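1. have a look; sequence and predicted model below, questions after that.
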Amino acid sequence: MKIGAENKKQLYWMIGLLAIAIPLAVYEFGGMGTGTSAAAPPATSSTSSNSGAQKKSGGVLAANNLLDPTLHTAMLDASRRVKYEAGGRNIFRMEEPPIPKVIATVKATPPPIATPTPVPPPPPIPLKFYGFASKSNEPKKVFLAEGPSIFVARQGEIVDRRYKVVQIQNNSVTIEDLLTNNRQPIPLTAR
């Protein structure tokens with residue numbers, strides 16, 4: 001008679017499961033008599049000294065036992081006499097505690113009011129307007145100079161990567177400094 005020889009996979013699975021189940025069973029059922037769940041709590045030094053006094057006086061040890069089911073009315077009366085004094089805070093509401101009032105005994109002088117420093121005016125635009133050119137069917141062009149450099153620009157164009165030509169008139173041109181948002185009219189000058 002062959003036992004398990006027909007299906008070797010089933011035999012290997014059965015051996016593996018038994019190898020796991022046997023140590024678990026020994027662990028669970030091996031220490032049944034030494035369980036700690038029903039053990040009494042250890043006696044502290046205060047309970048052991050009080051219990052000795054009660055044994056001598058003929059009293060019952062149950063007064064200091066932690067598992068004592070008797071009602072101690074003296075302890076209840078003592079706890080009833082304690083008066084609860086609230087600190088002005090409602091523990092059932094989420095709010096900040098009130099700010100304590102400080103009573104100043106010395107008159108304090110108010111701090112000096114800081115006056116804002118005046119904002120300095122933006123620097124003047126260094127471009128010089130010395131002429132314009134206009135052809136029919138074309139917008140006006142202006143000639144602007146900054147030192148040795150000369151720029152030719154139309155209305156709306158940006159000169160020297162900083163100044164925008166806003167408006168061109170016959171005797172002046174309005175320039176906007178893009179870094180400081182300063183608009184300034186520049187009059188026609190002779191070069």
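-> Done, it's in.

2. low-confidence stretches in this protein?
-> For the chain, the stretches flagged by pLDDT under 70 are 1-5, 31-66, 86-89, 97-98, 104-108, 191.

3. from Val152, how far out is the spatially most central residue of it?
-> The residue lying closest to the centre of the chain (C-alpha atoms, centre = their mean) is Glu96, at 18.3 Å. In this structure, Glu96 and Val152 are 67 Å apart, going by C-beta to C-beta, to the nearest Å. Every C-beta, even on glycine, is put in place using the N, C-alpha and C of the backbone.

4. ditto for Leu24
-> Counting by C-beta to C-beta, the gap from Leu24 to Val152 is 96 Å.

5. those two: who's more crowded?
-> More crowded of Leu24 and Val152, by other C-beta atoms under 10 Å: Val152, with 13 against 9.

6. helix/strand/coil for the more buried one?
-> With DSSP: H, G, I helix; E, B strand; the rest coil as the basis, Val152 sits in strand.

7. surely it touches Phe132?
-> No. Contact criterion C-beta atoms under 8 Å: Val152 and Phe132 do not qualify, at 9.6 Å.

8. which residues are in contact with both of those two?
-> Lys141, Val142, Phe143 (C-beta atoms under 8 Å, 6 or more residues apart in numbering).

9. for the spatially closest residue to Ile158 that is not a sequence neighbour, the count of nearby residues, please.
-> Leaving aside its chain neighbours, Ile158 sits nearest to Lys164 (5.2 Å; criterion: C-beta to C-beta, 6 or more residues apart in numbering). By other C-beta under 10 Å, the residues close to Lys164 number 16.

10. and Lys164, that one's in a strand?
-> Yes. Assignment of Lys164 by three-state DSSP places it within a strand.

11. just say helix, strand or coil for Gly131.
-> When classified by three-state DSSP, Gly131 comes out as strand.

12. also Ile20?
-> helix.

13. what of Leu76?
-> Using three-state DSSP, the three-state assignment for Leu76 comes out as helix.

14. before we move on, back to that, from the shared contacts of Val152 and Phe132, pick the one nearest Pro122.
-> Val142 (21.3 Å; C-beta to C-beta).

15. now the helices for this protein?
-> Under the criterion DSSP state H, helices of the chain are mapped to 8-30, 45-57, 73-80.

16. Pro185 against Asn171, yeah?
-> No. Here Pro185 does not reach Asn171: they are 9.7 Å apart, not a contact under C-beta under 8 Å.

17. the more surrounded of these two?
-> Neighbour tally, Pro185 and Asn171, criterion other C-beta under 10 Å: the higher count belongs to Pro185, 14 against 9.
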